[in-house]
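Participant: Predicted structure and sequence below. I'll ask about it afterward.
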Amino acid sequence: MILKGLKRNAIKKGVETYLNKRDGTSQSISNLKTLAVLIDASQSINVVSLLKLANELGVKSDKLKIVGYKEDLKEIEDDKDTTYYNDKSFGVTGAVKSKSLQDFINEDYDVLINFYEKDAIELNYVAAASKAKFKVGFAAIDNRINDLIIGATTNDTNLFISELKKYLKILQII
């Protein structure tokens with residue numbers, strides 16, 4: 001129990017470190033080619049709707065990466081479209097132990113969609129540490145993580161998709 005508390009504190013410090021390093025300016029994106037989506041896999045999220053979103057944004061399915069956080073899962077099994085991680089993907093010092101998660105963080109995606117509303121430090125860590133050029137998320141989480149905040153809920157996927165498309169067109173990303 002003590003080690004779990006130490007790990008959570010180390011991850012929180014990691015989130016703050018990454019957020020303090022951010023300079024607030026997003027890198028320019030000429031057109032959207034790669035898309036990453038970070039989800040809370042404990043919520044029922046339709047992965048097909050995320051594939052539809054990528055298609056509507058003009059991103060090929062092989063350039064879409066979906067990663068989900070499962071809080072209560074003992075064993076992680078990835079499926080065809082999604083890679084998962086859990087608490088065991090982090091060491092006691094807060095460092096990422098999972099190679100697939102570290103690869104996701106280090107990948108230079110054009111846009112990262114933080115498709116979760118629960119303010120979980122494991123999700124916030126991956127979102128803050130990601131090297132994505134432009135980050136989009138919901139208002140319910142720490143607003144320092146995202147470059148664009150959309151005031152919808154994860155339950156209303158159609159509203160989120162339409163608002164995201166609208167703002168990405170305004171910003172000339174798509």
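Facilitator: Here it is on my side, so go on. Given the structure is predicted, the values throughout are model-derived calculations rather than measurements.

Participant: In this protein, mark out all the strands, start to finish.
Facilitator: All strands of the chain, identified by DSSP state E, fall at 35-40, 64-69, 82-85, 111-115, 134-138, 148-150.

Participant: where does this protein dip in pLDDT?
Facilitator: For the chain, residues meeting the criterion pLDDT under 70 lie at 1, 24-27, 73-78.

Participant: first to last residue in stretch 166-174, what's the distance?
Facilitator: 9 Å (Cα to Cα, to the nearest Å).

Participant: Please identify the buried residues of it?
Facilitator: For stretch 166-174, the neighbour count (16 or more other Cβ atoms under 10 Å) marks L168, I173, I174 as buried. In short, each C-beta sits where N, CA and C put it, glycine included.

Participant: returning to that earlier point: present the strands of the chain as JSON lines; the columns should include mean neighbour count.
Facilitator: Output for those, formatted as JSON lines (neighbours: other Cβ atoms under 10 Å):
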{"stretch": "strand 35-40", "mean neighbour count": "23"}
{"stretch": "strand 64-69", "mean neighbour count": "22"}
{"stretch": "strand 82-85", "mean neighbour count": "19"}
{"stretch": "strand 111-115", "mean neighbour count": "26"}
{"stretch": "strand 134-138", "mean neighbour count": "22"}
{"stretch": "strand 148-150", "mean neighbour count": "18"}
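
Participant: May I see these organised as a markdown table, with distance to G5 added?
Facilitator: Below are the strands of the chain laid out as a markdown table (distance: least, Cβ to Cβ, whole Å):
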| stretch | distance to G5 |
| --- | --- |
| strand 35-40 | 22 |
| strand 64-69 | 19 |
| strand 82-85 | 20 |
| strand 111-115 | 25 |
| strand 134-138 | 27 |
| strand 148-150 | 30 |
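
Participant: Go through those and name the closest to T157.
Facilitator: When the strands of the chain are compared by Cβ to Cβ, strand 111-115 sits nearest T157, at 8.8 Å.

Participant: And that closest one, how far out from the chain middle?
Facilitator: Mean-position distance between strand 111-115 and its chain equals 5 Å (Cα atoms, centre = their mean, to the nearest Å).

Participant: So which elements touch that strand?
Facilitator: strand 35-40, helix 121-129, strand 134-138, helix 157-170 (3 or more Cβ pairs under 8 Å, 6 or more residues apart in numbering; DSSP states H and E).

Participant: residues in contact with that strand?
Facilitator: 29, 32, 34-40, 45, 50, 53, 57, 123, 127, 130, 132-138, 141, 145-146, 154, 160, 164, 168, 173 (Cβ atoms under 8 Å, 6 or more residues apart in numbering).

Participant: how near is T157 to K21?
Facilitator: Counting by Cβ to Cβ, to the nearest Å, the separation of T157 from K21 is 32 Å.
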